[in-house]
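Engineer: below is the structure, and that's it, no one-letter string:
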């Protein structure tokens, strides 16, 4: 590194960005924030040889050298990390879904896990993330929608003083909902 005038921190920054991913910005969707990470394409970080030859470290005077010129690249087993949640050991599995609805995927995955995996005593599965938010929203809507319809029905009864007119309005609401959900 000294021969090229490269500092250790420069090499660490390249490794962190190229292999681990570097947060470049944050996107906001509603009340949620998501980090946008940048890292080298998979084919440039799949093997020690690709990492040594294709990951480039910039030099202060200009130009760049392959990471393998300034560091020894070889696979090594590091310490196992322990994650806990609510005082219990936890393992996380991340799934990115493409070209499929989240609810359907989670329902199928739950059935597959329940049918094919027998957990030892003390082990269990918790479905979290966006599917958890979807379940909360569904549960809340099961309460909010009927209450809203009851309020609309009550207001119509008070306004029209006629069950027939109120039922006509309610059927119109049903028709609008049915047309919008189809």
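Structural biologist: Yes, it's here. The shown structure was predicted, so the numbers you read here are calculated from the model rather than taken from an experiment.

Engineer: which is the next helix or strand following the lengthiest helix in the chain?
Structural biologist: Criterion DSSP state H: the longest helix present in the chain is helix 130-160. Downstream of helix 130-160, the next assigned helix or strand under DSSP states H and E is helix 163-181.

Engineer: so where is this protein shaky, pLDDT-wise?
Structural biologist: Within the chain, the segments meeting pLDDT under 70 span 79-82, 177-182.

Engineer: now do the strands in it.
Structural biologist: Shown for the chain, the strands assigned by DSSP state E span residues 22-29, 32-38, 56-58, 64-66, 83-85, 88-90.

Engineer: would TSV of those with distance to residue 150 be doable?
Structural biologist: From N, CA and C alone the C-beta is placed, and that goes for glycine too. Formatted as TSV, the strands of the chain follow (distance: least, CB to CB, whole Å):
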stretch	distance to residue 150
strand 22-29	32
strand 32-38	31
strand 56-58	65
strand 64-66	68
strand 83-85	39
strand 88-90	42
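
Engineer: and these: which comes nearest residue 174?
Structural biologist: Closest approach to residue 174 among the strands of the chain (CB to CB): strand 22-29, 31.4 Å.

Engineer: for the closest one, what is the distance to the chain centroid?
Structural biologist: Chain-centre distance of strand 22-29: 13 Å, with CA atoms, centre = their mean, to the nearest Å.

Engineer: that one to strand 32-38, inter-axis angle?
Structural biologist: 150 degrees (axes from the mean of the first three to the mean of the last three CA atoms, to 10 degrees).

Engineer: parallel or antiparallel, which strands does strand 22-29 pair with?
Structural biologist: Strand 22-29 pairs in its sheet with strand 32-38 (antiparallel), by DSSP bridges.

Engineer: domain ranges for this structure?
Structural biologist: Per the record, the chain has its domains at 2-70, 83-181, by automatic domain parsing.

Engineer: tell me which of these sits most buried.
Structural biologist: Of all the domains of the chain, domain 2-70 carries the top mean neighbour count, a mean of 13, counting by mean count of other CB atoms under 10 Å.

Engineer: what distance separates the start and the end of it?
Structural biologist: 9 Å (CA to CA, to the nearest Å).

Engineer: can you offset everything so residue one is 13?
Structural biologist: Okay, residue one is now 13; in that scheme the one you just asked about reads as domain 14-82.

Engineer: my read is that residue 18 contacts residue 79, right?
Structural biologist: No: between residue 18 and residue 79 there is no contact under CB atoms under 8 Å: 10.3 Å.

Engineer: who touches both of these two?
Structural biologist: residue 69 (CB atoms under 8 Å, 6 or more residues apart in numbering).

Engineer: hmm, back to that, can you lay out the domains of the chain as JSON lines showing distance to residue 89?
Structural biologist: As requested, the domains of the chain are exported to JSON lines (distance: least, CB to CB, whole Å):
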{"stretch": "domain 14-82", "distance to residue 89": "14"}
{"stretch": "domain 95-193", "distance to residue 89": "18"}
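
Engineer: I appreciate the help and will end here.
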